[in-house]
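**Student:** Sequence unavailable; structure follows:
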């Protein structure tokens, strides 16, 4: 299936986790430092962050979710993410539990 032109932005869906007991420091770093760093990259235009509404049942490492919107060339944005400038890390972030997935729209928004 080919990309549906004009259907909306591509999405980067990221599940993250913090070091046990470091939620405050993790969220401060993610929203205050990491978000601006990524939004400065070509193609990344917006993000919405979420926290799991209930205690995870068998889904460790998926307590936090960020849905990033990417406009334009998805491959160029992915390259910018990998090859772009170094981004600040946080000791409150557990990178071993990060899951990143990319999605391309196939329909317009349906309501």
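**Tutor:** In hand now; what should we look at? Please read these numbers as outputs of a predicted model, since none were measured by experiment.
**Student:** Could I get the full set of helices for this structure?
**Tutor:** With helices called from DSSP state H, the chain shows them at 23-29, 35-39, 74-83.
**Student:** what mean pLDDT does the shortest one have?
**Tutor:** Confidence for helix 35-39, expressed as mean pLDDT, is 97.
**Student:** what about this protein, any weak spots by pLDDT?
**Tutor:** Where the chain drops to pLDDT under 70, the residues are 1-6, 55-61.
**Student:** Tell me, how many residues neighbour residue 75?
**Tutor:** Residue 75: 11 surrounding residues under other CB atoms under 10 Å. No exception for glycine: its C-beta is placed from N, CA and C like everyone else's.
**Student:** Quick check: it vs residue 102, distance?
**Tutor:** For residue 75, the distance to residue 102 equals 10 Å [CB to CB, to the nearest Å].
**Student:** cool, residue 67 as well?
**Tutor:** To residue 102, residue 67 is 11 Å away according to CB to CB.
**Student:** Now do the shared contacts for those two.
**Tutor:** 11-13 (CB atoms under 8 Å, 6 or more residues apart in numbering).
**Student:** What about the residues you listed, which are in strands?
**Tutor:** The strands, defined by DSSP state E, take in 11-13 from those.
**Student:** Would you write a ChimeraX line that selects the buried entries of those?
**Tutor:** Typed into ChimeraX, the line below selects the buried ones among these, using 16 or more other CB atoms under 10 Å:
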select :11,12
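**Student:** which one among the ones in strands among the shared contacts of residue 67 and residue 102 gets closest to residue 90?
**Tutor:** Checking these against residue 90 by CB to CB gives residue 12 as the nearest, at 19.1 Å.
**Student:** For that closest one, list the residues it contacts.
**Tutor:** Taking CB under 8 Å, 6+ apart as the test, what residue 12 contacts is 44, 67-68, 70, 77, 81, 100-103.
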